[in-house]
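J.: Build the 3D model from these lines:
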Amino acid sequence: MPKASTLPHVDPDGVSTNEDIVRIQSSLQIMSQSMNQVRAHEHLLQAAGVRIDKAGIALLFKLQRHGDSALRVTDLAELLGVDPPTVTRKVQQLERLGFVVREADAEDGRATRIQLTQAGRDTLERVLSAHREFLARLFEEWPDKDVSAFASLLERFSENIRIEMESSRD
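T.: Numbers count the residues shown, from 1 in each chain. Now for the predicted structure:
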């Protein structure tokens, strides 16, 4: 007799899955709702000692992920899944705060490239550090081997999501 976790489940659309997939789906929904709450973001910023909105942090993070290469507004818009005017307004705000600078694009004089300043890097690092501290508290009671296994599996899962999302853009 199969384990309960492998029994098929048919959702209202007639898609057959197994109970593990249903459990994963439920857990991802809880994680998404919890991590995207305004209160959670405000608590994180308070712990980091910075004042910046979620969109600003997301933009700084995308710039950091691309290292020293400055990005065009259109590139940032695509990475963030928003329209270029939205990015332009956010860049202007972050520029006033001293977190980013705009530079003329050497290849296209009409375009500008956006780059993190040291203040932007420092601010982002404080937020990321506060987030790591939050995550560490969540895993305090877990054995190290379980944390390591979870990290490996989550990396693998995240990579599959990234690949799937990139292929769906093509």
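J.: where along this structure do the helices fall?
T.: Secondary structure of the chain (DSSP state H): helices at 19-35, 38-48, 54-65, 73-80, 84-96, 118-138, 144-169.
J.: how about the CA coordinates for the fifth one, as PDB?
T.: Extracted C-alpha coordinates of helix 84-96, given in PDB (Å, rounded to 0.1, in the frame of the first residue of the first chain):
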ATOM      1  CA  PRO A  84      10.400  51.600 -17.400                       C
ATOM      2  CA  PRO A  85       8.600  54.800 -16.100                       C
ATOM      3  CA  THR A  86       8.100  53.100 -12.700                       C
ATOM      4  CA  VAL A  87      11.800  52.300 -12.600                       C
ATOM      5  CA  THR A  88      12.700  55.800 -13.600                       C
ATOM      6  CA  ARG A  89      10.700  57.300 -10.700                       C
ATOM      7  CA  LYS A  90      12.300  54.800  -8.200                       C
ATOM      8  CA  VAL A  91      15.800  55.500  -9.600                       C
ATOM      9  CA  GLN A  92      15.200  59.300  -9.100                       C
ATOM     10  CA  GLN A  93      14.100  58.700  -5.500                       C
ATOM     11  CA  LEU A  94      17.100  56.400  -4.800                       C
ATOM     12  CA  GLU A  95      19.500  58.900  -6.500                       C
ATOM     13  CA  ARG A  96      18.200  61.700  -4.100                       C
END
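J.: average model confidence for that helix?
T.: The pLDDT scores in helix 84-96 average 94.
J.: Can you give me the buried ones in that helix?
T.: Across helix 84-96, burial judged by 16 or more other C-beta atoms under 10 Å covers 86, 87, 88, 90, 91, 93, 94. C-beta coordinates here come from the backbone N, C-alpha and C atoms, glycine included.
J.: helices or strands up against it?
T.: On a contact count with 3 or more C-beta pairs under 8 Å, 6 or more residues apart in numbering; DSSP states H and E, helix 84-96 meets helix 54-65, helix 73-80, strand 100-104.
J.: These into TSV, with extra columns for mean neighbour count?
T.: Conversion of the helices and strands packed on helix 84-96 to TSV gives the following (neighbours: other C-beta atoms under 10 Å):
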stretch	mean neighbour count
helix 54-65	19
helix 73-80	18
strand 100-104	16
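J.: mind giving me JSON lines with those and columns for distance to residue 33 and mean pLDDT?
T.: Shown next, in JSON lines, are those (distance: least, C-beta to C-beta, whole Å; pLDDT from 0 to 100):
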{"stretch": "helix 54-65", "distance to residue 33": "15", "mean pLDDT": "92"}
{"stretch": "helix 73-80", "distance to residue 33": "21", "mean pLDDT": "90"}
{"stretch": "strand 100-104", "distance to residue 33": "30", "mean pLDDT": "91"}
